[in-house]
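Engineer: What shape does this take:
(chains A and B, ligands or ions: 3)
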Amino acid sequence: MSKIIQSSIARKVVMALSGIFLVLFLALHFTINFTSVVSPDTFNELSHFMGYNFIVQFIMQPILIAGVVIHFVMGFVLEIQNNRARGVKYVQYKGSANAPWVSRNMIISGAVILAFLGLHFYDFWIHEMAYKYIEANPEDPTRYYAETVEKFAPFWRTLLYVLSFGLLSLHLWHGFASSFQTMGVNNKYTPSIVNFTKIYAVAIPLGFAFIAIYHHFNPIIH
Amino acid sequence: MKIYLKIWRQKDASSKGKMVDYTVEGIEGDMSFLEMLDILNEELISQGEEPIEFDHDCREGICGTCSLQINGRPHGPDTRITACQLHMRSFKDGDTITIEPFRAKAFPVVKDLIIDRSAFDRIQQAGGYISVNTSGNTVDANAIPIEKDKADHSFNAATCIGCGACVAACKNASAMLFTSAKVSQFALLPQGRVEAADRVLNMVRQMDIEGFGNCTNTGACEVECPKGISLENIARMNREYLSASIKG
Ligand code: HEM
Ligand code: SF4
Ligand code: FES
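Structural biologist: Ligands and ions are numbered 1, 2, ... in the order given. Here you go, the predicted structure:
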């Protein structure tokens, strides 16, 4: 690991691979969440499977958490090193003249996503862990839909989720295509990769935002 | 034209510098940017003041020494040119122009607007060459057929003049565009393949030792490079680096 930290290109590769991994995970996460809008039963089934399957819980979940941690820790390492590399700051620096805002502010969009992940973990993950392993409640394969919809009842939470998805969109807009460049892919497929990045970066966060807003306005009537 | 200037003045490497205001009059649009500075310096000298030190040599965009950050951009507002190729017609009467040295920890200021870019020389020395036996049995390079496409890309990479604008523009002060141009010009040719793996590992190691930042693919370097060196070279260097690292 220390050897990897020593090479700038290796650090970038860690960033890119963990980023691509998170992009793939995000697509899976979205697919499962979307079923909560079309079929609560399917959503319950899938959630229960993810929550109690051994491979998902004890192999895939730790890999995912490691992926997120590696990604944002390396992100902060890069940011600190890159700030130091300038030395004396410019009196006038026209960053917007030669690079888009999103590419220059990955640390801002990333930090907002990290803050969101804090809230998201508190909302769902901590709750799940407590329910299953601390309170040791019995399995209930039908509880997930109602729990999820209830989460989006408060306006503030729905708003925070939607805002975070906006910044996630900006992060992906640069990050997804950038990770291909880092991995050495820059060829005749690059324009298609950039186009796909733009579609993905808009569609996925928009989809997540739709789900949150949908549940906010369609509460379960008891 | 009357031009207001804010210029970085710094006595020597160890002093603290600051921006100083100047005014020059009688500037014509056809004058080059450096001629404008010459006029200012003549005035300063005639008033018994220290002239402003700035680097320049060829004044035609080939030596790469004129490392000026003008209004927040390396080599000024126009693209595909060096500061010496910039003309005053790109500015208007009454404009205020900010001039600073290129900023990077690896490019320390020597005096005023002059920076020490020997970090680039050390990256070159770490592998930016091919070892050729010159004892008299040297094979003519043209004896080896090379695909046109590769020869063109290699030539384009070789047009890098080592000016440092890529580092100056990059928010991370990364030297990836420069280093990748120097790696690519050889990596694409059969003569360069022989030492390709060691070359890329050594040059990237030296680049990191010099304290340049990590590339985050913002693409600012490509936009500001006076020679239009493409980001493709960075991707190629990354490929070369990864395969050389994996092969050990
Ligand atoms: C946990 C909070 C996060 C932080 C602090 C963070 C921070 C960063 C930073 C600083 C970069 C480097 C900028 C660059 O290289 O262009 C980056 C790149 C990237 N991030 Fe994130 N990020 C976070 C979460 C995410 C998530 C959730 C995803 C995907 C769903 C993601 C995907 C990417 C991708 C694909 C890259 C591009 C890698 C490359 O440039 O080679 N990030 N991130
Ligand atoms: S890559 Fe372009 S900007 Fe960088 S040193 Fe070479 S010529 Fe200058
Ligand atoms: S003085 Fe030679 S490139 Fe500008």
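Engineer: Please count neighbours and contacts with C-alpha atoms only from this point.
Structural biologist: OK.
Engineer: residues touching residue 189, list them.
Structural biologist: Here I'm looking at chain A. Applying CA atoms under 8 Å, 6 or more residues apart in numbering or on different chains to residue A:189 gives no contacts.
Engineer: oops, I was thinking of chain B
Structural biologist: Residues in contact with residue B:189, defined by CA under 8 Å, 6+ apart, are B:146, B:150, B:151, B:154.
Engineer: Which strand or helix spans the last one?
Structural biologist: Right, residue B:154. Using DSSP states H and E, residue B:154 sits within helix B:148-158.
Engineer: Show me what counts as buried in that helix.
Structural biologist: B:153, B:154, B:155, B:156, B:157, B:158 (16 or more other CA atoms under 10 Å in any protein chain shown).
Engineer: Helix or strand next in line after it, which one?
Structural biologist: On the C-terminal side of helix B:148-158, the nearest following helix or strand under DSSP H and E is helix B:165-169.
Engineer: how many neighbours does the closest residue to ligand 2 within chain A have?
Structural biologist: The nearest approach of chain A to ligand 2 comes at residue A:98, 12.6 Å away (CA to the nearest ligand atom). For residue A:98, the tally of surrounding residues (other CA atoms under 10 Å in any protein chain shown) stands at 18.
Engineer: for chain B, what's the longest helix?
Structural biologist: For chain B, the longest helix by residue count, based on DSSP state H, is helix B:232-247.
Engineer: Just the angle for that helix relative to helix B:148-158, thanks.
Structural biologist: Between the direction of helix B:232-247 and that of helix B:148-158, the angle (axes from the mean of the first three to the mean of the last three CA atoms, to 10 degrees) works out to 100 degrees.
Engineer: Determine how far helix B:232-247 lies from the middle of the whole chain.
Structural biologist: Taking CA atoms, centre = their mean, to the nearest Å, one finds helix B:232-247 lying 22 Å from the centre of the chain it belongs to.
Engineer: picking up where we left off before, pLDDT and distance to residue A:32 added to the contacts of residue B:189, as CSV?
Structural biologist: Conversion of the contacts of residue B:189 to CSV gives the following (pLDDT from 0 to 100; distance: CA to CA, whole Å):
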residue, pLDDT, distance to residue A:32
B:146, 95, 53
B:150, 97, 47
B:151, 96, 50
B:154, 98, 48
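Engineer: Give me every residue in chain B lying close to chain A.
Structural biologist: B:71-73, B:98, B:100, B:103-106, B:169, B:171-174, B:204-205, B:208, B:211-221, B:223-224, B:232, B:234-239, B:241 (CA under 8 Å from any CA of the partner chain).
Engineer: ok so residue A:197 is a helix residue?
Structural biologist: Yes: secondary structure of residue A:197 (DSSP: H, G, I helix; E, B strand; the rest coil): part of a helix.
Engineer: How many residues are close by it?
Structural biologist: Residue A:197 has 19 neighbouring residues, counting by other CA under 10 Å.
Engineer: For it, which residues are in contact?
Structural biologist: If a contact means CA under 8 Å, 6+ apart, then residue A:197 has A:172, A:173, A:174, A:176, A:177 as its contacts.
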